[in-house]
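Asks: Turn this into a model:
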Amino acid sequence: MMIPACRLEDLPRGEAHRLDIAPPVSVFHTDDGELFAIDDTCTHQDASLADGWLEGPEVECPLHASKFDLRTGAVDAPPAKLPVRTHEVVVEDGMVYVRLSTEAPNLPPCVAARLAGGPA
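Replies: Coordinates of the predicted model:
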């Protein structure tokens, strides 16, 4: 499934745009002009990665400083142990789209329970 995220001109380099879907996804525009999309929730605890710090192709979680590689979703610094899911980014006619991965997300238990309708 491909969903519209934002206009490219509305996403400055060094910034992120969060899509409020379940689970949330964020598009990151690096200082080098690359675009990446990952699940927005840190796999360690419920924190928005879009609120984190972008440095090159990595984002640092604002809660406990886990780092994730935007290219692969791999964890580059603990305390997170599981990678985040990555998604394909497509730009057409100045619009940024995200093609959602079909893989299962790696979500912290409190978020997974909330999305499944259980207690948070």
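
Asks: can you confirm Cys110 is in a helix?
Replies: Yes: residue state for Cys110 (DSSP: H, G, I helix; E, B strand; the rest coil) corresponds to a helix.

Asks: wait, isn't it in contact with Asp46?
Replies: Yes: using Cβ atoms under 8 Å, Cys110 is in contact with Asp46, at 5.6 Å. Glycine gets a C-beta too; all of them are placed from N, C-alpha and C.

Asks: so who does the residue nearest the centre of the chain touch?
Replies: By Cα atoms, centre = their mean, the mean C-alpha position of the chain lies nearest to Ile38, the distance being 3.0 Å. Contacts for Ile38 (Cβ atoms under 8 Å, 6 or more residues apart in numbering) come out as 25-26, 28, 49, 59, 68, 70, 73, 84-87.

Asks: Then Ala80?
Replies: 42-44, 61, 64, 66, 68.

Asks: can we see that at 10 Å?
Replies: Contacts of Ala80 were listed using Cβ atoms under 10 Å, 6 or more residues apart in numbering, and they are 42-45, 47, 61, 63-68, 106, 108.
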